[in-house]
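S.K.: Have a look at this prediction, sequence included:
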Amino acid sequence: MYKIIIFAMIIIFGGCTINIPSAQPIQKVEKTEQKALKLWPHVKKEYWYAKYFLTMALNPKVQQMLTPEQTFAVVKCTVDGFEKDYDYKQFLEVIGDQRILSPQVNKYVYDLSYVCSQEVQRKMKEELSKKPLTLKDSI
């Protein structure tokens with residue numbers, strides 16, 4: 001179920017080509033206690049939410065598995081993860097502006113998307129367990 005979401009994210013970031021450029025090392029923002037997280041420009045972050053949501057929401061398999069709200073939760077978690085790991089300029093250089101991603105970046109995107117989809121799934125189960133079962137639902 002969530003493998004399709006992850007596959008869609010890989011397609012988004014990797015494109016549909018077979019040619020893979022040589023591997024380049026990923027330059028992540030160093031996380032230190034002295035350095036505060038540099039937030040992305042708000043409008044730019046909203047753009048990436050919208051771009052990835054549109055791509056995922058148009059996928060019929062994602063539509064069958066997730067509500068639009070759940071799809072957006074996966075997208076939001078993924079983009080927020082990018083923001084934590086990259087400043088905006090680095091994100092554009094490594095992921096956002098690339099038509100073809102290196103295998104290392106594809107793995108990073110896959111892993112992050114997978115974690116996000118698992119978190120959304122966990123929250124869905126938690127919400128369902130809080131709702132009392134009605135007579136109509138029990139039949």
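M.R.: Happy to help now that I have it. As the structure is a prediction and not an experimental result, all values here were calculated from the model.
S.K.: Please list all residues in contact with residue 63.
M.R.: residue 57 (Cβ atoms under 8 Å, 6 or more residues apart in numbering). Backbone N, C-alpha and C define where each C-beta goes, glycine included.
S.K.: For it, identify the helix or strand it belongs to.
M.R.: Assessed by DSSP states H and E, residue 63 sits inside helix 60-65.
S.K.: Repeat that for residue 89.
M.R.: Following DSSP H and E, one finds residue 89 within helix 88-91.
S.K.: Distance from the chain centre to the helix or strand just after that helix, please.
M.R.: Once helix 88-91 ends, the next helix or strand along the chain (criterion: DSSP H and E) is helix 103-130. Chain-centre distance of helix 103-130: 8 Å, with Cα atoms, centre = their mean, to the nearest Å.
S.K.: So for helix 103-130, mean pLDDT?
M.R.: Per-region confidence: helix 103-130 scores 89 on mean pLDDT.
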